[in-house]
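Undergrad: fold the following, please.
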Amino acid sequence: MTNKKLKLDLNSVAGISLALIAIIGGQFLEGGHVGSLVQAAAFLIVVGGTVGAVLLQSPIRVFVNGVKMGSWVFFPPVNSPEKLIAQIISWAHIARKEGLLALESHSFVATDPLTKKGLQLLADGNESVKLREALEIDINALVSYQRQSAKIWEAAGGYAPTIGILGAVLGLIHVMENLSDPELLGNGIAVAFVATIYGVGLANLVFLPIANKLKSIINENIVMQEVLIDGFVAIANGENPRLLENRLKGYFI
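TA: The predicted model follows:
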């Protein structure tokens, strides 16, 4: 269903680049220094605290999968509706000419688990209702897992601003403890303000956009999976390949 060859999503690159240029450029135009935005202590507080909070609420396998899915933002799965429909129609012609059992050899070379299972169920002569039921169970389980994984980014977007405020409070406590030493006041105040910037910035420029992007990609994958199931069911019912092709094209605008 998807092309394994990675293709860089230029829209994501342009989006994050524009956001960073706008923020850093605004800082520069106001007469500030870019270096003043770099605070290791603030970064550790916000990122470490946010990751810890997300880990606390998420099973480790969901967390790890969510981190891996983060790469989809720049290298999303490449779906090709035209190729998928063409492949389904090819299977439909084979089934009409040679019978459903002829699809078994195609299941051996299929790399996508859903495709492999669907072709095997067709070759075994399962009824269309049973076939759809079996494949939809797999899809629902996969989609549920992916959505749970994507939610770690959404959760991070919720925690980061609050952790940033916590970092600001810690910085102010450091300031209050060193009122008698002016040399230490600047660093404490910097950590206080930069921690807030990190929390709000990471939430709204990184975590939440990634979460929404992953949701969009998951929804696109669901459409591809629905087309595949519809095609398998139609083949099981012996539908005309030409009519099937016209119907499947209706899934895509």
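Undergrad: can you classify the spatially most central residue of the chain by secondary structure?
TA: In the chain, the centroid-proximal residue (Cα atoms, centre = their mean) is residue 214; its distance is 2.7 Å. Judged by DSSP: H, G, I helix; E, B strand; the rest coil, the three-state class of residue 214 is helix.
Undergrad: phi and psi next, for the nearest residue to it once chain neighbours are set aside.
TA: Nearest non-adjacent residue to residue 214, counting by Cβ to Cβ, 6 or more residues apart in numbering: residue 150, 3.9 Å away. For glycine as for every other residue, the C-beta is placed from the backbone atoms N, C-alpha and C. For residue 150, the backbone dihedrals (degrees, to the nearest 10) come out as phi -70, psi -30.
Undergrad: any buried residues in stretch 12-26, and which?
TA: 12, 16 (16 or more other Cβ atoms under 10 Å).
Undergrad: run through who's touching it.
TA: Residues from elsewhere that reach stretch 12-26, judged by Cβ atoms under 8 Å, 6 or more residues apart in numbering: 34, 37, 73-74, 201, 205-206, 209, 213.
Undergrad: give me the phi and psi for residue 8.
TA: Dihedral angles for residue 8 - degrees, to the nearest 10 - are phi -70, psi 130.
Undergrad: and residue 54, what does it touch?
TA: Taking Cβ under 8 Å, 6+ apart as the test, what residue 54 contacts is 63, 152, 155-156, 159.
Undergrad: again, only this time at 10 Å
TA: Listed by Cβ atoms under 10 Å, 6 or more residues apart in numbering, the contact partners of residue 54 are 62-63, 66-67, 151-160, 207.
Undergrad: tell me which helix or strand comes right after the helix or strand hosting it.
TA: If you go by DSSP states H and E, residue 54 is part of helix 49-57. Per DSSP H and E, the first helix or strand lying C-terminal to helix 49-57 is helix 60-69.
Undergrad: what mean pLDDT does that following helix have?
TA: The average pLDDT for helix 60-69 rounds to 96.
Undergrad: what helix or strand is residue 126 on?
TA: Counting by DSSP H and E, residue 126 is part of no helix or strand.
Undergrad: if we ignore the residues flanking it in sequence, what's nearest it?
TA: Closest to residue 126 by Cβ to Cβ, 6+ apart is residue 236, at 7.1 Å.
Undergrad: surely the one you found is in contact with residue 134?
TA: No: the pair residue 236 and residue 134 fails to qualify as a contact (Cβ atoms under 10 Å) at a distance of 11.5 Å.
Undergrad: which of those two has more neighbours?
TA: The neighbour comparison of residue 236 against residue 134 (other Cβ atoms under 10 Å) goes to residue 236, with 21 against 14.
Undergrad: how about the contacts made by the more buried one?
TA: 95, 100, 118, 121-122, 125-132.
Undergrad: run a quick neighbour tally on residue 42.
TA: 25.
Undergrad: show me the shaky parts of the stretch 151-253 of the chain.
TA: Of all residues in the stretch 151-253 of the chain, those with pLDDT under 70 make up the ranges 179-188, 253.
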